[in-house]
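Visitor: predicted model, plus sequence, below.
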Amino acid sequence: MSGRLRGEAAGALLAGLGAVFLALAVGAGLILATGRDPAAAYLALFGGALGSPDRIAFAFNKATPYVLTAVGVALCFRAKVINIGGEGQIALGGLAAAWVALSVPLPAGALVPACLAAGAAAGALWAGLAALIRLWRGVHEVLCTLLLNFIALLLVAEALKGDLGETGAGFPQSPLLPAGAWLPRLTGTMHLGIGLAAVAAVLGSVYLWRTTFGFRLRLVGASRAAAVYAGVSPARTLVSVMLIAGGLAGLAGGIEVLGVHRRLIEGFSNGLGFTAIGIALLAGASPLAALPAGLLFGLLEAGALAMQRQVGVPSSLVPIIQGLTMVFVLCALGLRARRGGA
Amino acid sequence: MAPDDGSGAAPMLEMLGISKAYGTVQANRGVDLTVRRGEILGLLGENGSGKSTLMKILFGMVRPDDGRIVLKGQRVEIRSPADARRAGIGMVHQHFMLAEAMSVLDNVLLGLPGKGAWPDRRAAAEELARASRAYGLDLDPDAAVESLSFGMRQRVEIVKLILGGAELLIMDEPTSNLSAPEVGALLAILRRFAGEGRSVVFISHKLGEVLELCDQVVVLRDGAVAGRRPVAGTDRADLARLMVGRAMPAVPAAPAGPPGPVRLAADSLTTGGPGIALSAVSLDIRAGEVLAVAGIDGNGQTELAEALAGLRPARGRVRLDAEDLTGRGPAARLAAGLAYVPVDRGGTSLVPGMTVAENLALRDVARPPFSRRAWLDGEAFRERARERIAAYGIRCAGPAAPARSLSGGNQQKIVIAREIGRGPRALVAVQPTWGLDPGATRFVQDAIRALRAAGGAILYVSAELEEVLEMGDRVAVLHAGRLSRPVRRAQLDLVRVGLLMAGDRDAWAPEAERLAA
């Protein structure tokens, strides 16, 4: 299967790279239209993202929640499960991690793993709840995962108004977490998260292509009737893939809280979960390709401010390029589907 | 019936020197095809012989590499199905192109060219009523298409094309899903259509229908014309030889082995909806025996097979040798030695998007050699695939080829290789030769006979009486969810089987007595 595995990731990357180049080309047109030099702008953008170890660390930190969440969403796509609940799963993961850090007395070495485990568990539970609603009440997972996002965000806000909130702070946030709960850093500002994300991307790919679980997941995605015929339960597959995706998103939320903010802040999830869906698409639903795709988005965001500062091109060009990338990826998917159907 | 070719008028259609290659595969090579006015032309050929490609070229779905198309003496370029329809060519696909939620009349309106946004419903309704009478279609213009049977939907397709001005109808395997009376009605409709100076291309595997309906037969083999015959001057053996390039060996009479012990037994299987409800179906099949189940499609065949395979909840008991399978799921029944070949190859027994190797392992991945604990063994997948490809003569590019790239016959070989290659104790097969050409049909039937010789107990479900008689040691009839008493083939009364299939009340009365006893 290793040939398949590599071929899969390579195919996804090729379509993705094409989309990225097209998006950058259209972006260059937009920069020209504002009367600036696209070459200088892109040089500033990538220079800003890669110019110093600190900038690279910033890009990697940005990419971490993208990669983790996108790996889970990609696995869901493989089972034809459309999970758009990453946002809420991240938020609750962060909430659970912060709660453990602030409320559970644990020795320093055990605190970080406990917080991250709590975050992953909270995300998994939230996604599992969506799966159960789907199974028991027949509500499509797009609806329940989407709506559960809002509930999760409100739960975070509510927790910050109550026991978890910092008294006297002007903003809904928790007190600073105890230092023992901070995620260890690899360099000056780069935290451990990107390492975990890389491991998740590799393990996700191995799970998908080299285990019986992954085979069943792909089978359910390819044909429900064939899965039932092969003795595979689509319901069990739905629940398990949602638990995995929710766990990864919850882990991402915990990492954001422990590694970036070091406290729980209202709105810290900030659309990460939604962007991750696009990254999973850009990666062609390949868990391994989610790593470069997530890193690319992290790099673009890390360089945005430098571009604005140095060349005067507004940093909002970056979300435009990200959006265009998705559009072109979807075009490629549409083309491939049409060619496959002919 | 005689084709109107002496009048000097140009033929309806001439396809000249048509060639088309897909990569290294030459799908059509220099094919010439002439259809005269008023003629019904049978187009015969095994799967993969190039029939579909040729018709797709005629209908504008595929562009030929070489060749010309001449319609009524005029050279035409057909670049799209829309071009084809404008030129008066209509195609009835195996999968209908109907809006299911809409009425018959609305579907006809959708098919009319150039009526703009405000079609004249009343005029169309009158035309539909006239055509319905003229061709004996018996269509209710206000019925929703989704409420119609397969045969009636086909008539909607045909009348849509007739009213749209089609002068040449392409019928792609139109009788695959029809009951015998429906086939008769369809043939009558096509004859009437051709009788008005229009033409039909009738694509089929079924030699009998081609001989009954058509005026001329063209046989394709390996993408080229293997022969053209007036129907009057040919017979089954001749056509079969042209199709496969050799004479078909006669079917050997199945040797009557000594009856073994009962292997597969079902007692009072009863199901609720959806679908046809089975009512107290009991059967037992001995080792080395084939119980063939006849019946018109949709009388509980799928339901019976799924209840046996554990895919459909049912009351009653199922036993395989000494093992009670009642209440067990499909995986447990499979593990006990019950193989199942369902009718739907496109999405149930085979996954087109997965590779040949994966499809060969489809129901066995959780067991060695394909996996140890939860880890897949990729080498075992490839190894098994190479071995099965060789043993079953599966024509494909290799273990990693996607199953969708194979022809229907080779896809079914994958299913058969998987289900029978496992060495099951019992096999439930529903229409395992559906849509296969004669060569592939023989292959599948021989594999099932080999399982029988090895002591397997086989339930063989088919809608074709010919096949039931060929395969079954005993024959039973399924009608409206009830199974008749199985009868040894030697004692079979064909008239009675026909009456049972048609649901005749008097024929079924003794069956009810037996069930009550």
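Guide: Looks like it came in fine.
Visitor: so who does residue 234 touch?
Guide: Since no chain was named, I'll use chain A. A:220, A:224, A:227-228 (Cβ atoms under 8 Å, 6 or more residues apart in numbering or on different chains). (C-beta placed from N, C-alpha, C; glycine too.)
Visitor: that's the wrong chain, I meant chain B
Guide: Contact analysis of residue B:234 by Cβ under 8 Å, 6+ apart lists B:211, B:217.
Visitor: where's it relative to residue B:163, distance?
Guide: Residue B:234 sits 35 Å away from residue B:163, going by Cβ to Cβ, to the nearest Å.
Visitor: wouldn't residue A:133 be in contact with residue A:144 here?
Guide: Yes. In this structure residue A:133 lies within contact range of residue A:144 using Cβ atoms under 8 Å: 4.5 Å.
Visitor: in space, what's closest to the closest residue to chain A within the stretch 401-517 of chain B - neighbours in sequence excluded?
Guide: The minimum distance from the stretch 401-517 of chain B to chain A, using Cβ to the nearest Cβ, falls at residue B:404 (8.4 Å). Once flanking residues are discounted, residue B:404 sits nearest to residue B:352: 3.6 Å by Cβ to Cβ, 6 or more residues apart in numbering or on different chains.
Visitor: can you check residue B:144 too?
Guide: Closest to residue B:144 by Cβ to Cβ, 6+ apart is residue B:103, at 5.8 Å.
Visitor: where does pLDDT dip in the chain?
Guide: Picking chain A for this. Filtered on pLDDT under 70, chain A yields the residue ranges A:1-13, A:337-342.
Visitor: actually, chain B is the one I wanted.
Guide: Within chain B, the stretches with pLDDT under 70 are B:1-8, B:23-24, B:47-48, B:113-117, B:177, B:244-259, B:273-275, B:502, B:512-517.
Visitor: and the residue of it closest to chain A?
Guide: Distances between chain B and chain A by Cβ to the nearest Cβ are smallest at residue B:331, namely 2.9 Å.
Visitor: doesn't that residue belong to a strand?
Guide: No. Counting by DSSP: H, G, I helix; E, B strand; the rest coil, residue B:331 is not part of a strand but helix.
Visitor: wait, residue B:439 touches residue B:409, no?
Guide: Yes. Judged on Cβ under 8 Å, residue B:439 makes contact with residue B:409 at a distance of 7.0 Å.
Visitor: residue A:133 and residue A:144: who's more crowded?
Guide: Shown here are residue A:133 and residue A:144; by other Cβ atoms under 10 Å in any protein chain shown, residue A:144 has more neighbours (21 against 18).
Visitor: around chain B, pick out the residues from chain A.
Guide: Residues of chain A found near chain B (Cβ under 8 Å from any Cβ of the partner chain) are A:1-4, A:209-216, A:218-219, A:222-223, A:225-226, A:228-232.
Visitor: mind checking which of these land in strands?
Guide: Assignment to strands by DSSP state E places none of those there.
Visitor: which among these end up buried?
Guide: Using 16 or more other Cβ atoms under 10 Å in any protein chain shown as the burial test, those include A:1, A:4, A:209-216, A:218-219, A:222-223, A:225-226, A:228-232 as buried.
Visitor: quick check: closest non-adjacent residue to residue A:22.
Guide: Leaving aside its chain neighbours, residue A:22 sits nearest to residue A:328 (4.7 Å; criterion: Cβ to Cβ, 6+ apart).
Visitor: next one: residue B:183
Guide: residue B:175 (4.9 Å).
Visitor: ok, residues contacting whichever strand or helix holds residue A:40?
Guide: Per DSSP states H and E: residue A:40 is located in helix A:38-50. Helix A:38-50 is contacted from outside by A:24, A:27-29, A:31-32, A:55-56, A:59, A:299-300, A:302-307, A:309-311, A:313, A:317-318, using Cβ under 8 Å, 6+ apart.
Visitor: so residue B:33 sits in a strand?
Guide: Yes. Per three-state DSSP, residue B:33 lies within a strand segment.
Visitor: burial of it, as a residue count?
Guide: Other residues within reach of residue B:33, judged by other Cβ under 10 Å, total 21.
Visitor: so what's it closest to, chain neighbours aside?
Guide: Per Cβ to Cβ, 6+ apart, closest to residue B:33 is residue B:15, 4.3 Å.
Visitor: kindly report the same for residue A:310.
Guide: Taking Cβ to Cβ, 6+ apart as the measure, residue A:310 lies nearest to residue A:44, with 4.2 Å between them; neighbours along the chain are not counted.
Visitor: how about residue A:161?
Guide: Per Cβ to Cβ, 6+ apart, closest to residue A:161 is residue A:172, 6.8 Å.
Visitor: and that neighbour, its phi and psi?
Guide: Phi and psi for residue A:172, reported as degrees, to the nearest 10, are phi -70, psi 100.
Visitor: residues contacting it?
Guide: Applying Cβ under 8 Å, 6+ apart to residue A:172 gives the contacts A:157, A:160-161, A:165, A:265-266.
Visitor: again with residue B:163
Guide: B:108, B:111-112, B:124, B:127-128, B:131.
Visitor: what about residue 90, neighbour count?
Guide: Let's take chain A. Per other Cβ under 10 Å, the neighbour tally for residue A:90 reads 39.
Visitor: please go with chain B instead
Guide: Other residues lying near residue B:90 total 24 when counted by other Cβ under 10 Å.
Visitor: just the residues contacting the helix or strand hosting it, thanks.
Guide: Here residue B:90 sits within strand B:89-92, counting by DSSP H and E. If you take Cβ under 8 Å, 6+ apart as the criterion, strand B:89-92 is touched by B:55, B:58-59, B:71, B:78, B:81, B:84, B:154, B:157-158, B:161-162, B:164, B:166-172, B:174.
Visitor: so of the residues you listed, which ones are in strands?
Guide: Counted as lying in strands by DSSP E, out of the contacts of strand B:89-92, are B:71, B:168-172.
Visitor: which of these has the most neighbours?
Guide: In terms of neighbours by other Cβ under 10 Å, these top out with residue B:170 at 27 neighbours.
Visitor: shouldn't it be in contact with residue B:204?
Guide: No. Using Cβ under 8 Å, residue B:170 makes no contact with residue B:204, being 11.9 Å away.
Visitor: show me chain B divided up by domain.
Guide: With domains defined by automatic domain parsing, chain B comprises B:1-88+B:167-244, B:95-163, B:262-516.
Visitor: run the chain-centre distance for the second one.
Guide: This points to domain B:95-163. 25 Å (Cα atoms, centre = their mean, to the nearest Å).
Visitor: next, the distance between the ends of it.
Guide: End-to-end distance of domain B:95-163 (Cα to Cα, to the nearest Å): 20 Å.
Visitor: one more: stretch A:227-238?
Guide: End-to-end distance for stretch A:227-238, by Cα to Cα: 12 Å.
Visitor: starting at the chain centroid, how far to that stretch?
Guide: 27 Å.
Visitor: so which bits of stretch A:257-273 are buried?
Guide: A:257-266, A:268-269, A:272-273.
Visitor: out of those residues, which is nearest to chain B?
Guide: Distance to chain B across the buried residues of stretch A:257-273 (Cβ to the nearest Cβ) is lowest for residue A:273, with 28.4 Å.
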